[in-house]
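# next one to model:
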Amino acid sequence: MKIRSVTYFCNPGWPLDEKRLRLAGDFLAEAKTAFEQAGYEVQTTRLATVPFPHFLKELDKTPELARTVSLLLPETGIAYAALGPALPEFPGSYPVIPEAIAASKNVFFSGVMADPKRGLSLAAARACADVIIRTAPLDPNGFANLNFAALANVPPGAPFFPAAYHEGGEPAFALAMEAADAAVSAFTGAKTINEGRAALIETLEENARSLTKVADFLKFKHHIRFGGIDYSLAPFPEESRSLGAAFERMGVPAVGLHGSLAAAAILTESIERARFPRAGFSGLFMPVLEDAVLAKRAAEGTLTVKDLLLYSAVCGAGLDTVPLPGDVTREQLTALLLDLSALALRLDKPLTARLMPVPGKQAGDATSFDFGFFANSRVLALEARPLGKALGGEETFSLQSRKRD
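From the prediction side, this is the model:
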């Protein structure tokens, strides 16, 4: 188990308050050392801000903001920054994102499509689809879309990128964990579901106690709020740290076949049973390109986009690092994003979409990413056509969560 990120949340102001960023860098450097001394590898330190439309009044300066932050990151020792989501009440905040991504390095954005207060915005879903389409050509492999996610019902304080953003007020910090190996270990050799689940819960709780002890020390020393731990069982592209491997160690012949949804539900429910200070998703990430087994099953045709969306109903953070055909249209993506948003609102859970159209590639073509956190796969087909009539409009409507009484 590793710490994927110690994420610091703040409002950087505009013009940027460099003192705040340097304070963030100093805190994160100390936090990294403290967690490493407790026996945890800290892969990255990250900064997440309030939604950029809240502090940047001139939205056409978003590329300048991203470029400035990008230049300051190495000086502060912070690896990545997320400048928060575009918001439906600021429609001009969506179209500036592709240029901002192009103008910067290691800077992430997101876009809100739906939440319980705002409802589901058809216009915002379409705007997010447009961001994805316009961002894809920035890199020959479509890699630039790694830096953007469309959000549905995602609250502030989640430490994983690109979804991370701050609610405002005083700074805070939270932990994003890389813990898929805990699930693999728990179910390797387990004879029953209860045996594997108990082992996983014990591992999560034992590590949470150690992590919280360090976090509390930092909290009291620096008078900063600790937002909690996001135990989303994030994988790494090798089998020993693969969420797909955990499914198959549980007894699923291959991820994507029937039985996979049950495995996803069992793993998610195990996390929910564990006692620890929660942040963010605390479910399952199923990023196709970041997981060796998921990438393999997708390449074999066993795991599809519809499967991933189906599993999001019982677990997970949605659709992550999904390679799509380069000629996918805005209208096709909008239809998929509406399905994701509807799931998030009806089931009252946070879901995201990080979709990666690959220029020049068709469904079934092999991907060729050169990135240490990726396992190559094949481009997945997207069974979608443009929506019409009422679903093709621009309205915002409420969609209440499922009644439980």
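# ok, which stretches of the chain are strands?
2-10, 42-49, 80-86, 107-115, 119-121, 148-152, 172-178, 225-230, 318-325, 351-358, 396-397 (DSSP state E).
# mind checking how far the second one is from the chain centre?
What that stands for is strand 42-49. 13 Å (CA atoms, centre = their mean, to the nearest Å).
# partner strands of it, with direction?
Next to strand 42-49 in the sheet, as set by DSSP bridges, lie strand 2-10 (parallel), strand 80-86 (parallel).
# tell me the most buried of those?
strand 80-86 (a mean of 28; mean count of other CB atoms under 10 Å). No exception for glycine: its C-beta is placed from N, CA and C like everyone else's.
# what angle sits between it and strand 107-115?
Put simply, strand 80-86 runs at 30 degrees to strand 107-115, going by axes from the mean of the first three to the mean of the last three CA atoms, to 10 degrees.
# give the contact list for the nearest residue to Leu387 once chain neighbours are set aside.
Excluding its sequence neighbours, the residue lying closest to Leu387 (CB to CB, 6 or more residues apart in numbering) is Ala335, at 5.3 Å. Residues near Ala335 by CB atoms under 8 Å, 6 or more residues apart in numbering: Ala384, Arg385, Pro386, Leu387.
# just the pLDDT at the residue lying closest to the third one once chain neighbours are set aside, thanks.
Leaving aside its sequence neighbours, Pro386 sits nearest to Glu331 (CB to CB, 6+ apart; 3.6 Å). For Glu331, the pLDDT comes out at 98.
# between the strands paired with strand 42-49, which one is nearest to Pro237?
strand 2-10 (13.3 Å; CB to CB).
# ok, back up a step: the residue nearest to Pro386 contacts Leu391, correct?
No. Applying CB atoms under 8 Å, one finds Glu331 not in contact with Leu391, separated by 10.7 Å.
# Ile97 versus the residue nearest to Pro386, what's the distance?
As for Glu331, its distance to Ile97 is 19 Å (criterion: CB to CB, to the nearest Å).
# higher neighbour count, these two?
Ile97 (28 against 16; other CB atoms under 10 Å).
# wait, doesn't the more buried one sit right on Ile132?
No. At 9.7 Å, Ile97 does not count as touching Ile132 under the criterion of CB under 8 Å.
# rewinding a little: ok, the residue nearest to Pro386 - contacts?
Taking CB under 8 Å, 6+ apart, one finds Ala129, Ala384, Arg385, Pro386, Leu387 in contact with Glu331.
# ok, so of those, who is nearest Arg225?
Using CB to CB, Ala129 comes nearest to Arg225 of these, at 35.0 Å.
# tell me the contacts of the nearest residue to Thr396 once chain neighbours are set aside?
Of all residues not flanking Thr396 in the chain, Ser121 sits nearest, at 4.4 Å (CB to CB, 6+ apart). Ser121 is in contact with Pro88, Val112, Met113, Ala114, Thr396, counting by CB under 8 Å, 6+ apart.
# if we go to 10 Å?
Contact analysis of Ser121 by CB atoms under 10 Å, 6 or more residues apart in numbering lists 87-89, 91, 112-115, 127-128, 341, 394-397.
# can you pick the most crowded of those?
Most surrounded of the contacts of Ser121: other CB under 10 Å gives Met113, at 34 neighbours.
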